[in-house]
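Q: With the sequence up front, the predicted model follows.
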Amino acid sequence: MTSWILSIFLISGVKVGASIPPLAGWIRVLAPESEVVCMLQGATSPHNFSPSPSLYRNLQNVKGLVYVGRGVDRTWVRRMIRALSPPPATLPLNERLHPAPVDPHVWLSLSRLAILTDTLAEWLRRLDPALEEEIHVRSRQYLTRIQQVRDSLLHSRATSYPPVVLSHAAWLVLFQELGIPVIGVVHPVPDQPPGPRSLGRLIERARKQGVRWVIVDRGERDAVSEAVARELQARILVLDPVGSCDNPLDPLSLILKNLRHLERVWNGPGS
């Protein structure tokens, strides 16, 4: 994946942390007065991220910290929380869903995004009561936008999508929601190479389904997925599940940006 950062927000004087850029962009939508300071920590995944001492220093006196939770960033974020004094209020988003999601990439799902917008808005209102009414209004607007996008994607699609193989599971739930056939995932367990037997079964299924696209994440050199693409005589399509702290997109905008890229590639010359 792309570089992972911890963003700091000043919401009416309240300092809040967010573990990844989509959460930063989400807070900006709900509380646009926030002043954003981002600390880039290098190109690594959240599963093995190691925060620097400067990051700990920059997080001192945060009042709240938003992160994804189990399966994404929980280990290193909890380590940071234990080192902060006073300890901030925390919001592990995927641990607020019941039942707990099998796939933790909750910011890349339209249905989960709708549920968690209320969760995030309520948490921000408690953190800064001075913005309670504004956050409530903006969260209603965001929920309306999610529904409009969902209706448009589901009801205005002119043609069916081709089957794909994913390098990682980040896009699995969203593709299922949109009816994009996912034949399999090369790396179903993050940072763990697939076994030769499971890889062989995946290639066999993909070949039978006529897969011509393998989706990989931007910023990652994935030799195994590239080998699968060569075996299938398929093309690599790069999507970005995180974005950048330079201009952090909210989850819905990030989803739409990737879907527009996907459509351009699939409908382009030679596709």
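A: Received it, and whenever you're ready, just let me know what you need. Bear in mind the structure is a predicted one, so any value in this text is a computation, not a measurement.
Q: Going by C-alpha atoms from here, please, whenever you check contacts or count neighbours.
A: Fine.
Q: In stretch 205-224, which residues are buried?
A: Buried residues in stretch 205-224, counted by 16 or more other Cα atoms under 10 Å: 206-207, 211-218.
Q: wait, stretch 136-153
A: When burial is assessed from 16+ other Cα under 10 Å, stretch 136-153 yields the following buried residues: 136, 138-139, 142-143, 146, 150, 153.
Q: From those, pick the one nearest Val173.
A: Using Cα to Cα, Arg150 comes nearest to Val173 of the buried residues of stretch 136-153, at 13.6 Å.
Q: so how many other residues sit close to Arg230?
A: Residue neighbour count, defined by other Cα atoms under 10 Å, stands at 13 for Arg230.
Q: any idea how far it is from Ile255?
A: Note on Arg230: its distance to Ile255, by Cα to Cα, to the nearest Å, is 27 Å.
Q: Check Arg82 too.
A: In this structure, Arg82 and Ile255 are separated by 33 Å, where distance is defined by Cα to Cα.
Q: higher neighbour count, those two?
A: When Arg82 is set against Ile255 and neighbours are counted by other Cα under 10 Å, the residue ahead is Ile255, at 22 against 11.
Q: My guess is the more buried one contacts Leu108. True?
A: Yes. Using Cα atoms under 8 Å as the test, Ile255 is close enough to Leu108 to be in contact (6.6 Å).
Q: Overlap of the contact sets of these two?
A: Residues touching both Ile255 and Leu108 (Cα atoms under 8 Å, 6 or more residues apart in numbering) are Pro241.
Q: Please identify the helix or strand for Ala24.
A: Per DSSP states H and E, Ala24 falls inside helix 21-30.
Q: residue boundaries of the helices in this protein?
A: Using DSSP state H, the helices of the chain run over residues 21-30, 53-58, 74-83, 110-127, 132-155, 172-178, 196-208, 223-232, 251-267.
Q: For Val165, find the nearest of those.
A: Within the helices of the chain, the stretch nearest Val165 is helix 196-208; the backing value is 7.2 Å (Cα to Cα).
Q: need the contact list for the nearest residue to Pro86 once chain neighbours are set aside.
A: Closest residue in space to Pro86, ignoring its immediate chain neighbours: Asn61 at 6.7 Å, by Cα to Cα, 6 or more residues apart in numbering. Going by Cα under 8 Å, 6+ apart, Asn61 touches 15, 84-86, 88.
Q: Leu199 reaches Val186, doesn't it?
A: Yes. With contact defined as Cα under 8 Å, Leu199 and Val186 form a contacting pair (7.0 Å).
Q: lowest-pLDDT helix or strand in the chain?
A: Counting by mean pLDDT, DSSP states H and E, the weakest-scoring helix or strand in the chain turns out to be strand 35-40, with a mean of 49.
Q: Outline the domain layout of the protein.
A: What automatic domain parsing lists as the domains of the chain is 5-153, 164-239.
Q: I'd like those domains as JSON lines, with distance to Pro251 appended.
A: Shown next, in JSON lines, are the domains of the chain (distance: least, Cα to Cα, whole Å):
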{"stretch": "domain 5-153", "distance to Pro251": "5"}
{"stretch": "domain 164-239", "distance to Pro251": "12"}
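Q: Comparing these by mean pLDDT, which bottoms out?
A: Looking over these, mean pLDDT reaches its minimum on domain 5-153, with a mean of 84.
Q: quick one: Val165 from His261, how far?
A: Taking Cα to Cα, one finds Val165 at 17 Å from His261.
Q: the more surrounded of these two?
A: Taking other Cα under 10 Å, Val165 and His261 do not tie; Val165 has more neighbours (28 against 15).
Q: I am assuming Val14 contacts Val62, so please confirm or correct that.
A: Yes. When contacts are counted by Cα under 8 Å, Val14 is listed as touching Val62 (7.5 Å).
Q: For these two, work out which one has more neighbours and name it.
A: The neighbour comparison of Val14 against Val62 (other Cα under 10 Å) goes to Val62, with 21 against 15.
Q: ok, for that one, nearest residue in space, not its chain neighbours?
A: Nearest residue to Val62 in three dimensions, chain neighbours excluded: Lys15, at 4.8 Å (Cα to Cα, 6+ apart).
Q: Please consider this matter closed, and thank you.
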